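K.L.:
next one to model:
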Amino acid sequence: MRQLWQNIEFLFIDEISMVSYEMLCMIDSRLRLLKIPDACFGGINMILFGDLMQLPPIRGHQVFQQPDHMKLATRLWRQFGLVELKQNMRQQGDTAFIDVLHALRVGEMTSRQLEILIEKVSTDATNEFSIEKALRIYSTNDQDIPSVRIDFGSDGVHMIKPISIQFPAKYRYRTAERRMLPLILRWALTVHKMQGCTDDHAVIYLGSRLFAAGQAYVALSSVRSLDGMRIEELDCSKITGKTPCNSEAVNEMIRLRNDS
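P.N.:
Model prediction:
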């Protein structure tokens, strides 16, 4: 049996919600070139991990949405079966927080669960929630890019300012601008960079600048407990409105459960 397992090849893909269907097709095409041309994914055993209710891919279709121009091709996503893990390990022990996250995940927040989040709105930036100790989680990059003063030791203290670069947008549609701080910060990250990460303490932005389904859920679920969280700004409509979650992913999960 041990020798048998040594001859079986696996490919693991994490954070599957951020993988586009187009990328899944590219993986299938490359594996067919490298392994067995007539076998799906080249005959390699594929194991996908992730939560479809988290952040969708930045570009392309969601991994379960086959584009119209690919309708005649093999439906790659339908080749997989579902194994659903139902025990929450990251927030284990904090049942109130687990209930809030589950409700937010599927767009079924109750008034009491919303009150729990409202109670966490605070401007307190001391003790465990000071900038030196607690991570800041924002929806966009430009919210976490102030000028900073850094002590470089023998090289002295210097002010590092953001820099901006302008360039023609795709198809020459207006002008795009990229603004960044030439440093890698530990105290602030965007929600997209936080996906899959865990922190004990964080100050989270849940204001009007949330722009993607799943952002609030991913930001909140990166913290282990309610006690380890403060909310910098809360726009209740972003988590209780008509599209507080990824409804297409919810429907796909229902289909997967029914077919498993």
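
K.L.:
what does stretch 229-238 rub up against?
P.N.:
By C-beta atoms under 8 Å, 6 or more residues apart in numbering, the surrounding residues in contact with stretch 229-238 are 114, 117-118, 120-124, 129, 134, 136, 201-208, 210, 216, 220, 223, 244. Bear in mind the C-beta positions are built from the backbone N, C-alpha and C, glycine included.

K.L.:
what about it, how long is it end to end?
P.N.:
18 Å (C-alpha to C-alpha, to the nearest Å).

K.L.:
so how far is that stretch off the chain centroid?
P.N.:
Chain-centre distance of stretch 229-238: 17 Å, with C-alpha atoms, centre = their mean, to the nearest Å.

K.L.:
let's see which of the contacts of stretch 229-238 end up in helices.
P.N.:
When the contacts of stretch 229-238 are checked against helices (DSSP state H), the matches are 114, 117-118, 216, 220.

K.L.:
mind checking how far the most centrally placed residue in the chain is from Tyr205?
P.N.:
Most central in the chain under C-alpha atoms, centre = their mean is Gln195, positioned 3.6 Å from the mean C-alpha point. Computed as C-beta to C-beta, to the nearest Å, the Gln195 to Tyr205 distance reads 15 Å.

K.L.:
ends of stretch 76-90, how far apart?
P.N.:
Length of stretch 76-90, first residue to last, C-alpha to C-alpha: 31 Å.

K.L.:
apologies, that question was intended for stretch 157-176.
P.N.:
So stretch 157-176: terminal residues 33 Å apart, C-alpha to C-alpha.

K.L.:
how about the helices in the stretch 101-250 of the chain?
P.N.:
111-118, 191-194, 215-221, 237-240, 247-259 (DSSP state H, counting those that start in this stretch).

K.L.:
could you list the buried residues of the fourth one?
P.N.:
This means helix 237-240. 238-240 (16 or more other C-beta atoms under 10 Å).

K.L.:
what of the longest one?
P.N.:
For helix 247-259, the buried set under the neighbour-count rule, 16+ other C-beta under 10 Å, comprises 249-250, 252-253, 256.

K.L.:
how far away from the center of its chain is stretch 148-160?
P.N.:
Mean C-alpha position of stretch 148-160 versus that of the full chain (C-alpha atoms, centre = their mean) differs by 33 Å.

K.L.:
Leu55: what's it in contact with?
P.N.:
Contacts of Leu55 (C-beta under 8 Å, 6+ apart): 17-18, 191-192, 195, 212-215, 218.

K.L.:
what do you get for Leu33?
P.N.:
Here Leu33 is in contact with Gly42 (C-beta under 8 Å, 6+ apart).

K.L.:
need phi/psi at it.
P.N.:
phi -70, psi -40 (degrees, to the nearest 10).

K.L.:
any idea of the pLDDT on it?
P.N.:
Note for Leu33: predicted pLDDT of 94.

K.L.:
how about Glu9?
P.N.:
84.

K.L.:
thinking again about what came up before, the ones in helices among the contacts of stretch 229-238, buried ones only, as a PyMOL selection?
P.N.:
If you want just the buried ones from these in PyMOL, going by 16+ other C-beta under 10 Å, the selection is:
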select buried, resi 114+117+216+220
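
K.L.:
just curious, which of the ones in helices among the contacts of stretch 229-238 is nearest to Arg78?
P.N.:
When those are ranked by distance to Arg78 (C-beta to C-beta), Ala216 comes first, at 29.8 Å.

K.L.:
my read: the closest one touches Asn246, true?
P.N.:
No. Checked against C-beta atoms under 8 Å, the pair Ala216 and Asn246 is beyond contact range at 11.4 Å.

K.L.:
what sits against Arg105?
P.N.:
51, 53, 217, 245.

K.L.:
isn't the last one right next to Met109, touching?
P.N.:
No. Counting by C-beta under 8 Å, Met109 is not a contact partner of Cys245; they are 9.4 Å apart.

K.L.:
SS state for Gly81?
P.N.:
Three-state assignment for Gly81 (DSSP: H, G, I helix; E, B strand; the rest coil): coil.

K.L.:
confidence score at it?
P.N.:
Reported pLDDT for Gly81: 93.
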